[in-house]
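how would this look folded up:
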Amino acid sequence: MDKARVLTLFLGVVRAKSFAQAAVDAGITPQAVSKAVRTLEEDLGVRLLHRTTRKLSLTYEGARLFELADPGLRQLDEALEQVRTARSEFDGMIRLTAPPSVGSRLLVPMMKAFREQYPGISFDLVLSDLFTDLVEAKIDVGFRAGTSPGQNLVARRLRDLPLIICASPEYLARHGEPKTIDDLGKHACTGFRRPATGRMVPWELSIDGDLVFRDVPAVVTFNDVETEIDAVRAGMGIGQLSAYMVHDHLAAGRLVSILKAYDSNNIGLYMYYPHRTQIPVRVRRFIDFVADASQGAEHAS
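Sure thing, here's the model as predicted:
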């Protein structure tokens with residue numbers, strides 16, 4: 001005997017005050033409901049219901065069983081419903097935006113790991129170097145490398161993104177290694193223009209503990225970071241690049257970090273999202289997941 005099932009059917013009969021209605025609610029025949037109640041009575045050794053052609057009433061034992069079992073079953077139903085609701089809250093789309101370099105190097109691994117925990121989640125990742133208005137673009141969470149995105153957003157700095165000065169071994173073999181920042185004036189350097197404005201980005205340098213911005217003359221400029229890295233690797237000049245983007249090149253010896261005393265930690269990776277009191281559960285869980293993963297990566301490094 002499936003005690004949970006027969007007890008559920010008994011409670012359904014009492015609530016509906018009808019075998020026929022309880023059968024409709026359960027999706028079975030009235031005969032099956034009647035048989036289940038008889039099976040329960042036989043198992044308990046007591047009569048639970050007085051049955052007549054016109055009326056259905058509880059015996060003392062039936063009333064006692066209903067009084068004890070009904071609250072527990074309702075609580076169980078509520079618990080199951082909460083689990084179903086919670087699961088549905090982890091199903092659906094999360095829309096993200098990030099620069100291409102951040103998307104490929106940092107976000108793709110995080111999205112993969114998050115979906116392994118919540119396979120009902122799907123992502124829409126919009127890659128752009130331009131700052132995205134989250135509300136207008138209907139984006140849930142944005143990521144940016146730089147300084148804090150602004151006061152009208154919730155912004156969390158996930159990790160430092162040091163800027164380092166790099167050159168290829170071939171360039172240094174041909175032209176020598178600069179020893180000071182002033183020596184850069186004798187070398188070919190690369191530069192970066194902001195995609196949104198076309199303005200040159202000055203180099204950020206740490207000098208005697210202070211952050212100093214310096215315009216370094218460039219022999220070639222770019223509005224795409226990946227292309228600038230390729231140019232520095234090819235020996236076109238010395239560039240100031242984000243350490244996380246050239247980590248593999250440094251490890252493989254394709255690039256060399258120089259003038260290390262001037263490395264800057266002003267730039268950070270930020271996660272930002274609108275001020276909302278009702279952030280969807282799936283988005284909130286993803287935000288916390290990214291924050292925890294970034295903290296772990298920071299400690300590991």
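
Listing request: residues of the stretch 201-301 of the chain with sub-threshold pLDDT.
276-278, 296-301 (pLDDT under 70).

In it, mark out all the strands, start to finish.
When secondary structure is read from DSSP state E, counting those that start in this stretch, the stretch 201-301 of the chain shows strands at 203-207, 210-214, 220-222, 239-242, 256-258, 268-274.

Against which helices or strands is the first one packed?
It stands for strand 203-207. strand 163-167, strand 210-214 (3 or more Cβ pairs under 8 Å, 6 or more residues apart in numbering; DSSP states H and E). (Glycine included, C-beta is placed from N, CA and C.)

mind redoing it with 7 Å?
strand 210-214 (3 or more Cβ pairs under 7 Å, 6 or more residues apart in numbering; DSSP states H and E).

got a list of contacts for the strand it packs on?
Outside of strand 210-214, the residues within contact range by Cβ atoms under 7 Å, 6 or more residues apart in numbering are 181, 202, 203, 204, 205, 264, 266.

Could I get the CA-only coordinates of it as CSV?
Output in CSV follows, covering the C-alpha atoms of strand 210-214 (Å, rounded to 0.1, in the frame of the first residue of the first chain):
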residue,chain,number,x,y,z
ASP,A,210,51.6,58.5,-7.4
LEU,A,211,49.5,57.8,-10.4
VAL,A,212,50.8,59.9,-13.3
PHE,A,213,49.2,60.2,-16.8
ARG,A,214,51.6,60.8,-19.6
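
what about that strand, distance to the chain center?
Its chain's C-alpha centre and that of strand 210-214 lie 34 Å apart, by Cα atoms, centre = their mean, to the nearest Å.

quick one: strands adjacent to that strand?
strand 203-207 (antiparallel) (DSSP bridges).

just the angle between the partner strand and strand 163-167, please?
Here strand 203-207 points in a direction 110 degrees away from that of strand 163-167 (axes from the mean of the first three to the mean of the last three Cα atoms, to 10 degrees).

Give me the buried positions along strand 203-207.
Residues 203, 204, 205, 206 are the ones in strand 203-207 that count as buried (16 or more other Cβ atoms under 10 Å).

same deal with stretch 252-272?
Judged by neighbour count (16+ other Cβ under 10 Å), stretch 252-272 contains these buried residues: 254-256, 258-259, 262-264, 267-272.

residues in contact with residue 112?
Neighbours of residue 112 in contact, by Cβ under 7 Å, 6+ apart: none.

Mind pulling up the pLDDT for it?
On pLDDT, residue 112 comes in at 95.
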